[in-house]
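> just a sequence and a predicted model for now, questions to come.
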Number of protein chains: 2
Amino acid sequence: MSQTFRHPDILKIAQREGKVTVEGLAEHFGVTLQTIRRDLTELAEANKLERVHGGAILPSGTTNIEYDERRNLNQTAKLAMARACAAQIPEGCSVFLNIGTSTEAVARELLHHRDLMVVTNNMNIANILVDNTDCQIIVTGGALRRSDGGLVGNITIDTIRQFKFDIAVIGCSAMDEDGDLLDFDIQEVGVSQTIIAQSRKCFLVADHSKFSRTAPARIASMRALSTVFTDLPLPRELAERCATWGTQIVLVD
Amino acid sequence: MSQTFRHPDILKIAQREGKVTVEGLAEHFGVTLQTIRRDLTELAEANKLERVHGGAILPSGTTNIEYDERRNLNQTAKLAMARACAAQIPEGCSVFLNIGTSTEAVARELLHHRDLMVVTNNMNIANILVDNTDCQIIVTGGALRRSDGGLVGNITIDTIRQFKFDIAVIGCSAMDEDGDLLDFDIQEVGVSQTIIAQSRKCFLVADHSKFSRTAPARIASMRALSTVFTDLPLPRELAERCATWGTQIVLVD
DNA sequence: TCGATTTCGAGCAAAAGCGAACGTAAACGA
DNA sequence: TCGTTTACGTTCGCTTTTGCTCGAAATCGA
């Protein structure tokens, strides 16, 4: 990783002006456009700047691109799963909605439910359900994770322990053939486990892409779930296990 | 996904004005109408704006009219007070920011502070400071109040008790002549008291309109404050008391 | 309701900007 | 001293952006 003496200067100018142009910087430093382009490419790779045609701007921050993409992934399936899941959430009950794009889709489908008490550790969900005035929203505390608006950490777990939910809606990063729910993020696992422990029923919303993926941390067995909402049939072995455990599978589309 | 210099600027203008016109932007940037149309289309596709004939507006929904009005009230004074307050918050410290439009203004002035740890019970502040990637954000739990994005209740207080802040920034509904801080909302009073108890220094941000108003619930004496940021001199008697207590008054504008 | 006017979006060509490949020169280390 | 590394400049296709034109759609006024 090369560090030229220009990089700090470029960042300083960007902070002051809000943006920098390739041409302007080339003149300022007395080098060619190509050299500046190389600088900007490196700074963009280090997430210090965001590259645009003709120059660069400060990182937008406002939204996380990766997360936005994830939200748009497989959108129709997510919508259908969310609708099916929301249909099984009766009005007037207490619900926990966990971090994740699938659970956010469920939140959108709950916009017209009445008399809910929704607890969530997901800032996006709180923002979505603000529009449903017939629903009490409780936000768990925690450290805000910029990548997805999630609240995580001990504070989160402590808050969740103070409740008992009728229904919890969770997502996961992957499901393995033994029927274990897996996640990429250790921090999130602790939260998910606490959620399951504090709920009478637990719904999993996860599309088929989770079947063929794996992740390092184990949340729980699917035995702990009441219902799984998904968009393609589970692998046969897994489906049989779920049948034994009494875990219902709801297939949409 | 394409990006241009104009996108962040357009969003900023839209946030300030509430709307943008194709023609106005074309003139502002010195490009043709078609180019602006393309920009607006892209921003609308990314859900940053909502397209209308002749221009674009902010995405509908989440706005609370009454609260928006309150936010716009006495805007210049708020900005100046916020700037003065932020100037007294050193980088690298831990700060609590309470509910209120004035504290939100302070949050906006903290967007370029580095290495802060910000704890807040105000969803709006969390949303604002997401853009400062050099700042850890911790959200207290609590029941979400739709009117102002505040988190209140026992959960909030319990979370706050787990911290000790270098600086707390609070607002209030009124200040009476005896030097007491008052609030309309009983729930919020408990939170404010806890905040004061858990902080080494406490800053109050309150414009002159609070002098001539009254409210039913007592938060604390101004003796508990380190500094008051305001826009007009305090009534003489109150100023004298503050001098005795060692409560500094910072007058802006 | 029906035209007149404005605004919109698609298609196309010109211009601006881009990255890759290659060459040169200075700095560096043994 | 020589080979290696690193930074920078130059050239050249390729991509993206932009402005223009034109028919369609939306809005406005009567």
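Perfect, I can see it now. Numbering: from 1, shown residues only, chains lettered A, B, ... in the order given.
> which stretches of chain A form helices?
Assigned by DSSP state H, chain A shows helices spanning A:6-17, A:22-29, A:33-45, A:65-72, A:75-87, A:101-109, A:123-129, A:154-160, A:186-197, A:236-245.
> what average pLDDT does the third one get?
Within the predicted structure, the mean pLDDT of helix A:33-45 is 90.
> buried ones in it, by neighbour count?
A:35-37, A:39-40, A:42-43 (16 or more other C-beta atoms under 10 Å in any protein chain shown). Backbone N, C-alpha and C define where each C-beta goes, glycine included.
> among the helices of chain A, which comes closest to B:Leu111?
Nearest to B:Leu111 among the helices of chain A is helix A:6-17; the distance by C-beta to C-beta comes to 11.1 Å.
> relative orientation of that closest one and helix A:22-29 in degrees?
120 degrees (axes from the mean of the first three to the mean of the last three C-alpha atoms, to 10 degrees).
> report all helices and strands that helix A:6-17 contacts.
strand A:19-21, helix A:22-29, helix A:33-45 (3 or more C-beta pairs under 8 Å, 6 or more residues apart in numbering or on different chains; DSSP states H and E).
> phi first, then psi, for the residue of the stretch 1-150 of chain A found nearest chain B.
Shortest the stretch 1-150 of chain A-to-chain B distance, computed as C-beta to the nearest C-beta: residue-wise this is A:Gly141, at 3.5 Å. Main-chain dihedrals, A:Gly141, degrees, to the nearest 10: phi -80, psi 180.
> so who does it touch?
By C-beta atoms under 8 Å, 6 or more residues apart in numbering or on different chains, A:Gly141 lies in contact with A:151, A:155-156, A:158-159, B:138-142, B:155-156, B:159.
> now with 6 Å, please.
A:155, A:159, B:139-141, B:159 (C-beta atoms under 6 Å, 6 or more residues apart in numbering or on different chains).
> can you pick the most crowded of the residues you listed?
Neighbour counts for the contacts of A:Gly141 (other C-beta atoms under 10 Å in any protein chain shown) peak at B:Thr140, which has 31 neighbours.
> residues contacting it?
Contacts of B:Thr140 (C-beta under 6 Å, 6+ apart): A:141, B:121, B:151, B:156, B:159-160.
> which of those residues sit farthest apart?
It's B:Leu151 and B:Ile160 that sit farthest apart of the contacts of B:Thr140, by C-beta to C-beta, at 10.3 Å.
> show me the shaky parts of chain A.
A:1-3, A:60-66, A:68-69, A:72 (pLDDT under 70).
> domain parsing for it?
Listed by automatic domain parsing, the domain ranges of chain A are A:6-57, A:68-251.
> circling back: which of the helices and strands packed on helix A:6-17 sits closest to B:Ala56?
Once the helices and strands packed on helix A:6-17 are compared by C-beta to C-beta, strand A:19-21 is nearest, at 21.0 Å.
> contact partners of that closest one?
By C-beta under 6 Å, 6+ apart, the surrounding residues in contact with strand A:19-21 are A:13-14, A:54-57, B:5.
> can you check stretch A:120-131 too?
A:97, A:99, A:104, A:107-108, A:118, A:135, A:137, A:139-140, A:149-151, A:156, B:61-62, B:144, B:146.
> how far is it from where the chain is centred?
How far stretch A:120-131 lies from its chain's middle: 12 Å, per C-alpha atoms, centre = their mean, to the nearest Å.
> go on, stretch A:79-96?
18 Å.
> list the buried residues of that stretch.
Buried residues in stretch A:79-96 (16+ other C-beta under 10 Å): A:80-82, A:84-86, A:89, A:93-96.
> list the contacts of whichever residue of the stretch 151-253 of chain A sits closest to DNA strand C.
Residue of the stretch 151-253 of chain A nearest DNA strand C, by C-beta to the nearest atom of the strand: A:Asp253 (28.0 Å). Residues in contact with A:Asp253 (C-beta under 6 Å, 6+ apart) are A:80, A:231.
> what parts of chain A come near DNA strand D?
A:2-4, A:6, A:30-32, A:34-35, A:38, A:53 (C-beta under 7 Å from any atom of the strand).
> okay, which residue is most central for chain A?
A:Gly100 (3.4 Å; C-alpha atoms, centre = their mean).
> how much space between that one and B:Asp253?
47 Å (C-beta to C-beta, to the nearest Å).
> can you check A:Arg114 too?
Applying C-beta to C-beta to A:Arg114 and B:Asp253 gives a distance of 48 Å.
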